[in-house]
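Novice: The following block contains a protein sequence and its predicted model.
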Amino acid sequence: MTEIGSMLGGRYRLMELLGQGGMATIYRGHDSQLERDVAVKVLRPEFGQDPDFVARFRDEARAAASLSHPNIVAVFDFGQDQRGDQFIVMEMVDGQDLASILRENGPLAPRQAARVGADVAKALHAAHMRGIVHRDVKPSNILISRDGRVKVADFGIARALDDAQVTLPGITMGSVHYFAPEQARGEPATAASDTYALGIVLFEMLTGHRPFSGDGAAAVALARLTTTPPRPSALRASVPPELDSIVVRAMALDPADRYPSAAALGGALDGFLADGAPAASAGAVGAAGAAGAAEVLSTATRPNVFYPPDAYARSSEPAPLSARRTPPPLVPSRVPGRYEDSPDGAGSGPWAWIAGLLGIGILIVVAFLLFRLISSIGALSTSSPGASASGATVTVPDLVNSLYSDAASQAAALGLSTVRSATQPSTTVPADTVLAQDPKPGTTVQTGTAVKLTVAVSPSAVPVPDLRNLALGDAANALAAVGLKLGTGAEAYDPTVPAGQIISQDPAPGTQFAPGGAVNYTISLGPEPSASTAPSPAPTFPVGPTPSPTPAPTPTPTPAPVAVGNYKCQTLDQATAAIGADRLSLGTVSTDPSGVSPVPLSWIVMAQNPTPGTEVPVGSSVNLTMRDPTTFACTP
């Protein structure tokens, strides 16, 4: 084992042993060049003896380093130490892995589990869009930081180990408890295999148990090939039916019966979270793991939301009423004997009479002013009824059997808004027809009220993925993965969402939508520029110096357009880095011929859109077409 204090790659000093497994040892390291802490994973010496494995490991590490997503542990560097052992340098996450949290605290509350699962699904989808399959999704590879961020680690390493076919005593490649049936049959792992593994993780988060067990790895693998997994609610009755169905579909034996993509699974979980009270954030899970308490909710969402007692591990029954603390007795407003029998008639002197008369006079003046104020308000309301728009009311129209667009227009004409709160598959009415509404027709409500509509969708509808905080190209890829497309776009200033990223979308995340449908979006222009204001004239005082006027605030300028660079003849990694340096984002990556996935590392950019030199807003997407350089002569 590499010793503490050793220097790897001339810059990473090993400071502390964090953990040790069958395939690698993990250390807390310090990057002496960038002065930051990192996580260093050193593989066992046996893996470095195969030259093919070393080459494959480097390729996979390079591919993993190209992933940039808030829910993926970043890979900074990789190399070989003085003894020839392979190591990989990753982002240091201050928190716990999900396996430790479940082991210490038991199952999570349903909405906590759904929030963690949705973030993991987003990470998997980002990798799948780059042609990278994780192959080893399990709780120990899911990290939750102390501030609640969910991050997935070890992308690509499982593939290098699997492809090298290295077998060591006592080591099973991957984790058999989370293998998909096709992996157990010896077939290659696909994106659907990652979806299945996430379904197993969701099951374990909800119940505290894995769905399959056995005396050994072979027994567990056989069980998943021959046995339908149980529903989470069979082990914990408090699991909501909607979440129950999501997990069951994710764990379907046939890959075709699972969600079509990790984005679709994440969208379904987001839909579950959006339908009801705010979810306990992943921060609550991280805090629970760090503090050793299972019953923790995020104060960043809504502190007064509580789950049923059986939604937590080892939750106790509520104490009987007789056992609860009784409120303290009220303090008496009068203490006997305190004011009686005051000696010498204290408090009855002339000043007391003056104070009493003054108080009565003040009360008379206040009563008179209140009378005049109330009278004036009454006269105003009588002379101009409805002058206050804030109290205006309207009658909710009947929107059922209308198309959603027509219903929205009809409601807007009355000062109401509409929201697509639920969907329902139907073959008897056209898609997008309103089936139900809340409030009901004829109800009197205030203007500005949102009318929740249940809309018909095709039986083959898919859940809309969450596009918020994605660049336009990434959003288009997420929609294409589930058979949807981008619709009408709008622009708006936003103080928190960076320019070029999506602020909101319609339909909302998780909503069932017909294949081929267009999802409208609003994209951020960044913070709104502050208007320049002239300083107010300084007041003149009889004595003393005149204060200087406060300088006008400097307005925040709108980011100027940037010119698209020339990325032709570059590899995908080189082009991705160059696009980011130009303050743009990578859009759709296609191949010529089409259908090649993943894109070979040696292929280069044949064409790009927009073309070099085009002026575009900051954050715009650049679409690339890749081709084998041996089949054509590339001209930049």
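Specialist: Yes, it's here.

Novice: list the contacts for the residue nearest to V482 when sequence neighbours are not counted?
Specialist: Excluding the flanking residues, the one nearest V482 by CB to CB, 6 or more residues apart in numbering is V462, at 4.5 Å. Any C-beta I mention is one placed from the backbone N, CA and C, and that applies to glycine too. Listed by CB atoms under 8 Å, 6 or more residues apart in numbering, the contact set of V462 reads P260, A264, G267, V482, G483, L484, Q512, F513, P515.

Novice: Just the ones of the residues you listed in strands?
Specialist: Q512, F513 (DSSP state E).

Novice: Name the nearest of the contacts of V462 relative to Y521.
Specialist: Nearest to Y521, judged by CB to CB, of the contacts of V462 is L484 at 11.6 Å.

Novice: what about the closest one, distance to V519?
Specialist: To V519, L484 is 6 Å away according to CB to CB, to the nearest Å.

Novice: Equivalent analysis for Q183, please.
Specialist: With CB to CB as the criterion, Q183 and V519 are 33 Å apart.

Novice: Check R62 too.
Specialist: R62 is 34 Å from V519, by CB to CB.

Novice: who has more neighbours, these two?
Specialist: Neighbours were counted for R62 and for V519 using other CB atoms under 10 Å; V519 has more, 24 against 14.

Novice: wait, doesn't V599 sit right on T625?
Specialist: No: under the criterion of CB atoms under 8 Å, V599 is not in contact with T625, lying 10.3 Å apart.

Novice: Give me the common contacts of these two.
Specialist: T591.

Novice: related to what we said a few turns ago, if I look at L484 and V519, which residues touch both of them?
Specialist: In contact with both L484 and V519: V464, F513, using CB under 8 Å, 6+ apart.

Novice: A256 belongs to a strand?
Specialist: No: A256 is assigned helix when assessed by DSSP: H, G, I helix; E, B strand; the rest coil, not a strand.

Novice: can you pull out the helices in this structure?
Specialist: Taking DSSP state H as the test, the helices found in the chain are 51-65, 98-105, 110-129, 157-164, 181-184, 191-207, 217-226, 241-250, 262-274, 282-291, 350-383, 404-413, 472-481, 572-581.

Novice: circling back: most surrounded residue in the contacts of V462?
Specialist: Neighbour-wise, the contacts of V462 (other CB under 10 Å) top out at G267, 30 neighbours.

Novice: Excluding sequence neighbours, find me the nearest residue to that one.
Specialist: P463 (3.7 Å).

Novice: Tally up the residues packed near that neighbour, please.
Specialist: Number of residues near P463 (other CB under 10 Å) recorded here: 27.

Novice: Pull up the gap between it and A392, please.
Specialist: P463 is 37 Å from A392, where distance means CB to CB.

Novice: and what of R56?
Specialist: R56 is 69 Å from A392, by CB to CB.

Novice: more neighbours, the two?
Specialist: Looking at R56 and A392 with other CB under 10 Å, you find the greater number of neighbours at R56, namely 18 against 11.

Novice: For P507, give me its contacts.
Specialist: P507 neighbours (CB under 8 Å, 6+ apart): R420, V464, F513, V519.

Novice: Quick check: bridge partners of the last one?
Specialist: Okay, so that is V519. L486 (DSSP bridges).

Novice: what residues are up against it?
Specialist: Contacts of V519 by CB under 8 Å, 6+ apart are V464, L467, L479, L484, K485, L486, G487, Q505, D506, P507, F513.

Novice: For those, pick the one with the most neighbours.
Specialist: That'd be V464 among those, by other CB under 10 Å, with 29 neighbours.

Novice: Tell me how far it lies from V40.
Specialist: Separation of V464 from V40 (CB to CB): 40 Å.

Novice: likewise R583?
Specialist: R583 is 31 Å from V40, by CB to CB.

Novice: more crowded one of these two?
Specialist: V40 (29 against 15).

Novice: Settle this for me: the more buried one is touching R13, isn't it.
Specialist: No: with contacts counted by CB under 8 Å, V40 stays clear of R13, the gap being 9.3 Å.

Novice: list residues touching both of the two?
Specialist: Here V40 and R13 have G29 as joint contacts, going by CB under 8 Å, 6+ apart.

Novice: what residue ranges in the stretch 251-400 of the chain score low on pLDDT?
Specialist: For the stretch 251-400 of the chain, applying pLDDT under 70 flags the ranges 276-356, 371-391.

Novice: repeat that with 50
Specialist: Applying pLDDT under 50 to the stretch 251-400 of the chain flags the ranges 277-348, 379-390.

Novice: Geometric centre of this structure: which residue is closest?
Specialist: Residue closest to the average C-alpha location in the chain (CA atoms, centre = their mean): D119, at 5.2 Å.

Novice: And the closest residue to A274 other than its chain neighbours, what's its pLDDT?
Specialist: Closest residue to A274 apart from its sequence neighbours, by CB to CB, 6+ apart: G510 at 5.5 Å. G510 is assigned 74 on the pLDDT scale.

Novice: which residues does G510 contact?
Specialist: G267, A268, L269, D270, G271, F272, L273, A274, D275, P463, V464, D466.

Novice: I figured the last one hits D270, correct?
Specialist: Okay, so that is D466. Yes: contact criterion CB under 8 Å: D466 and D270 qualify, at 5.1 Å.

Novice: domain assignment for the chain?
Specialist: 7-91, 95-291, 395-459, 472-505+517-528+559-631 (automatic domain parsing).

Novice: lowest-confidence helix or strand of this structure?
Specialist: helix 282-291 (a mean of 45; mean pLDDT, DSSP states H and E).

Novice: Grab the nearest non-local neighbour of V396.
Specialist: Closest to V396 by CB to CB, 6+ apart is T443, at 4.6 Å.

Novice: Got the phi and psi for the one you found?
Specialist: phi -70, psi 140 (degrees, to the nearest 10).

Novice: how about the strands of the stretch 451-600 of the chain, start to end?
Specialist: Residue ranges of the strands in the stretch 451-600 of the chain, as given by DSSP state E, counting those that start in this stretch, are 462-463, 485-492, 502-506, 512-513, 518-524, 562-563, 585-591.

Novice: Show me which parts of the fifth one are buried, residue by residue.
Specialist: By neighbour count, with 16 or more other CB atoms under 10 Å as the criterion, the buried positions of strand 518-524 are V519, Y521, T522, I523, S524.

Novice: gap between that strand and the chain center?
Specialist: 18 Å (CA atoms, centre = their mean, to the nearest Å).

Novice: Distance-wise, check V40 relative to V93.
Specialist: For V40, the distance to V93 - CB to CB - is 13 Å.

Novice: buried set for stretch 84-101?
Specialist: Buried residues in stretch 84-101 (16+ other CB under 10 Å): 85-93, 95-98, 100-101.

Novice: One more: stretch 585-600?
Specialist: S585, L586, G587, T588, V589, S590, T591, V599.

Novice: give the contact list for the last one.
Specialist: Meaning V599. G131, L572, V589, T591, M626.

Novice: picking that back up, so who does the residue nearest to G267 touch?
Specialist: For P463, the contacting residues are A264, G267, A268, G271, V482, P509, G510, T511, Q512, F513, by CB under 8 Å, 6+ apart.

Novice: what's the distance between it and Q512?
Specialist: Counting by CB to CB, the gap from P463 to Q512 is 6 Å.

Novice: and what of M90?
Specialist: Separation of M90 from Q512 (CB to CB): 38 Å.
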